[in-house]
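Asker: Below are the sequence and a predicted model for it; my questions follow.
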Amino acid sequence: MTRWLVTGAGGMLGRDLVSVLSAAGEAVTPAGRGDLDVTDAPAVKAAVAGHDVVVNAAAWTDVDGAETDEAAATAVNGTGTRHVAAACADAGARLLHVSTDYVFPGDAADPYLEDAPTDPVNGYGRSKLAGEEAVRALLPDTGYVVRTAWLYGEHGRNFVTTVLLLAATRDTVDVVDDQRGQPTWSRALAAQLVLLGRAALAGAAPAGAYHGTAGGETTWYGLARAVFADAGLDPARVRPTTSDRFVRPARRPAFSVLGHGRWTAAGLAPLPDWRTMLTSARPHTWI
Ligand SMILES: NC(=O)c1ccc[n+]([C@@H]2O[C@H](COP(=O)([O-])OP(=O)(O)OC[C@H]3O[C@@H](n4cnc5c(N)ncnc54)[C@H](OP(=O)(O)O)[C@@H]3O)[C@@H](O)[C@H]2O)c1
């Protein structure tokens, strides 16, 4: 029987991972932050021992906070990931490490391929890139970096649930229409990670970078309109605006569209189109 360890098991993606693995009858050890702090190398080594696949969903995800305390973000996303990768090397475990579109500069016009040059525009992106580099260096044959973006899910604050809450209290909602990306349901990503882990164990998936985002692309405005429509609300209540109206400490990449060609090398289909995925997720039932 395959033994899975999920770090960050209390987070939005982590909770879906544990749920999907349990529903699939897999043996899973959920390690929330209280059970396992990835900055504690000996604790990570002890926790990873005895597992076949580790999904590292633990992360510092406060993007704006990483601008003022990049060292703290890097301690988790860079050094913490290195501890997980080193422990996987010791234990002979496959590592599926979750990373981000923010490793890319976001100034392209075509989707970023898995091997496109990285060049983060903010501290969070740099901290996550440090984690990717550790996985590549320590697990060249058994490390999988799965970049995701624009996640929404049932467990955790995210754009989609925020839009639904605003819809209940405001007549209109202003949403930026000048950042492009691929809204991705965390549960669909969790299921994809499970497929990748199985392919990795079967020796059917080459190590390296994969892009775990939905197909197609839209803007935050386009996503908000779709959320309204699926909830039976009038999408005309969503109004387009620009990022300069919402200045935040960390710069955001304007173009976060990723290519998905590498999944075929693992014998897997990429995730479905974002619009279909959103309808399947039924986020209005989460509120
Ligand atoms: N959400 C997105 O749109 C998005 C986009 C791109 C990439 N990602 C990546 O996707 C992954 C999952 O993100 P998510 O949205 O599920 O984030 P999340 O809900 O913030 O989950 C991250 C989890 O990691 C935990 N954590 C923080 N520091 C830790 C430490 N030192 N040791 C162990 N656990 C620690 C957090 O615990 P506390 O809550 O107690 O701090 C939290 O439960 C992350 O790698 C993230 O970088 C997310």
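Answerer: Received it, and whenever you're ready, just let me know what you need.

Asker: and this protein, which residues reach the ligand?
Answerer: 7-8, 10-14, 33, 36-39, 57-61, 76, 80, 98, 100, 128, 148-151, 156 (C-beta under 6 Å from any ligand atom). To be clear about C-beta, it is placed using only N, CA and C from the backbone, and glycine gets the same treatment.

Asker: Inside helices: which ones of those residues?
Answerer: Residues of the residues of the chain next to the ligand located in helices (DSSP state H): 12-14, 128.

Asker: Neighbour-wise, which one of these leads?
Answerer: K128 (32 neighbours; other C-beta atoms under 10 Å).

Asker: Got the confidence number for it?
Answerer: Note on K128: pLDDT of 99.

Asker: still on that earlier bit, closest to D230 out of the ones in helices among the residues of the chain next to the ligand?
Answerer: M12 (19.4 Å; C-beta to C-beta).

Asker: so how far is the ligand from Y144?
Answerer: Noted for Y144: a distance of 13 Å to the ligand, by C-beta to the nearest ligand atom, to the nearest Å.

Asker: whoops, I287 was the one
Answerer: 18 Å.

Asker: A66 now?
Answerer: For A66, the distance to the ligand - C-beta to the nearest ligand atom - is 10 Å.

Asker: for the residue nearest to L129 when sequence neighbours are not counted, what are its contacts?
Answerer: Closest residue to L129 apart from its sequence neighbours, by C-beta to C-beta, 6 or more residues apart in numbering: V103 at 4.7 Å. Applying C-beta atoms under 8 Å, 6 or more residues apart in numbering, we find V103 in contact with 118, 120, 125, 128-129, 132, 147.

Asker: again, but for A231
Answerer: Listed by C-beta under 8 Å, 6+ apart, the contact partners of A231 are 164, 167, 283-284.

Asker: Strands of the stretch 151-287 of the chain, residue ranges please.
Answerer: 151-152, 173-176, 180-181, 184-185, 208-211, 218-219, 238-241 (DSSP state E, counting those that start in this stretch).
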